[in-house]
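>>> Could you look at this predicted model? Sequence included:
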Amino acid sequence: MGLSLVVAIIPKDSAENLVTDEVSDLCVHIVSVQARGTVVREKWTDRFLPFIHPEEMVYQFIVESSNEDALIKVLIKNGRFEWSNAGSLMVFPCDYVSSSNGVITNASEIVYTDKLKSDLTMIVAIVQKDKADALAAYSMSLGITGPTVIFGNGKGIRDRMGLVRVAINPEKEIMSMILPKEESCVIFEKLCMKGGFHLAGEGLIYELPVKAGILNSPSVITEGVQSVSMSQIIQAIDDLKGHSNWRRSSVELKRSSKGGNLAYLENLTRLTCFIPEAISDNVVMAAIHAGAPAASLCHGDCVKSAVKKNVRDDTISLGNPQDIIEFILSEEMVETILEAIHQEVQANSVSDYLVMTHSIPKAFTYLE
């Protein structure tokens with residue numbers, strides 16, 4: 001039996017009907033996080049105005065492979081993800097998962113519903129607070145669908161610097177964007193340079209392969225009675241041609257064929273922990289002391305049982321605060337950090353937690 005991570009990004013006002021009893025029954029674990037989208041105005045005269053940031057919800061569903069296709073079909077129906085501007089849905093098979101119920105490794109091969117596209121890539125950028133907008137604007141100028149931004153905190157280096165840490169802002173913005181795999185090499189390099197990730201203290205950017213997904217998040221606000229936006233027209237042309245290479249200029253294609261000049265970090269692992277908020281700091285510091293270089297943390301809610309009725313039929317559980325902690329590690333360090341996390345969890349008698357890993361083919365950050 002294998003497990004997968006299914007991520008749904010949906011406008012907040014459409015999220016109410018997404019997680020039903022049927023969805024909850026199909027999943028092992030569900031966590032939600034509040035986020036913001038990035039949308040531009042379609043009129044060129046309004047492009048100089050600040051971005052519109054619609055409220056979004058990011059749901060992370062951990063599901064057994066045997067239930068995955070059923071879950072995706074229910075989510076597509078509940079969230080109407082096939083509709084324009086309805087949101088995005090992505091599947092990431094897990095390399096390793098452990099929880100209070102035990103350890104599961106070697107994810108099974110997945111049979112995808114024909115409604116999902118393959119060969120997608122997610123790019124995640126962790127930047128200083130208030131710097132995501134500039135990178136989002138640049139990414140959208142490259143044709144990327146409106147990025148999603150989650151507020152978080154950085155942990156690790158700052159916590160080890162004593163009084164000097166007051167000069168480092170712990171607040172971070174975690175920006176994610178989805179794009180076709182064939183475009184990822186050129187765009188990743190451009191984002192590395194535009195975001196200044198080659199400079200000290202500017203953050204980290206990495207790629208995460210998406211095995212399958214639906215990409216219908218909004219990018220442009222239309223006005224009047226116009227029924228389609230330019231972003232929808234571009235997507236339709238992509239579908240007709242079967243690729244998106246037509247968007248790229250000959251100059252860009254020649255540049256990409258020569259390869260990039262940046263030295264990327266390769267063969268890394270993203271280790272993600274869903275941990276009760278009350279002990280998340282303890283878990284982070286246990287991992288840091290065991291050798292983890294740093295961590296990013298954002299606050300969410302465990303909603304696995306949020307739609308389950310209690311003993312009284314007229315009451316509904318409201319879920320519980322749960323933090324999402326992410327470490328980017330070398331392959332050699334993963335087992336050591338996992339052991340440190342498990343020891344800390346056991347020492348605190350925590351029963352409601354989950355840890356999973358995903359392979360990262362490349363990342364980029366400042367190195368001394």
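Sure, I can see it. Residues are numbered from 1 along each chain as shown.

>>> from here on, contacts and neighbour counts on C-alpha atoms
Fine.

>>> wait, isn't residue 144 in contact with residue 180?
No. Judged on C-alpha atoms under 8 Å, residue 144 makes no contact with residue 180 at a distance of 9.2 Å.

>>> okay, now the closest residue to residue 34 other than its chain neighbours: neighbour count?
Take residue 34 and drop its neighbours on the chain: the residue closest to it by C-alpha to C-alpha, 6 or more residues apart in numbering is residue 57, 4.8 Å away. A count of nearby residues for residue 57, using other C-alpha atoms under 10 Å, gives 23.

>>> and what of residue 265?
Using other C-alpha under 10 Å, residue 265 has 15 other residues around it.

>>> Would you mind measuring from residue 148 to residue 72?
As judged by C-alpha to C-alpha, to the nearest Å, residue 148 and residue 72 stand 21 Å apart.

>>> more crowded one of these two?
Taking neighbours as other C-alpha under 10 Å, residue 148 and residue 72 compare with residue 148 leading, 27 against 22.

>>> pretty sure the more buried one contacts residue 176?
Yes. Counting by C-alpha under 8 Å, residue 148 does reach residue 176; the two are 5.4 Å apart.

>>> what bridges to the most centrally placed residue in the chain?
Residue closest to the mean C-alpha point of the chain, counted by C-alpha atoms, centre = their mean, is residue 176 at 5.5 Å. Beta-bridge pairing for residue 176 (DSSP bridges): residue 124, residue 148.

>>> That one contacts residue 125, correct?
Yes. Counting by C-alpha under 8 Å, residue 176 touches residue 125, with 6.4 Å between them.

>>> from what I can see, residue 188 looks like it's in a strand, true?
No. Counting by DSSP: H, G, I helix; E, B strand; the rest coil, residue 188 is not found in a strand; it is helix.

>>> count of neighbours near the nearest residue in space to it that is not next to it in sequence?
Excluding its sequence neighbours, the residue lying closest to residue 188 (C-alpha to C-alpha, 6+ apart) is residue 123, at 7.5 Å. Using other C-alpha under 10 Å, residue 123 is surrounded by 21 other residues.

>>> Kindly report the same for residue 332.
Using other C-alpha under 10 Å, residue 332 has 10 other residues around it.

>>> same for whichever strand or helix holds residue 121, what does it pack against?
For residue 121, the element it lies in under DSSP states H and E is strand 120-128. If you count contacts as 3 or more C-alpha pairs under 8 Å, 6 or more residues apart in numbering; DSSP states H and E, strand 120-128 packs onto strand 171-180, strand 204-210.
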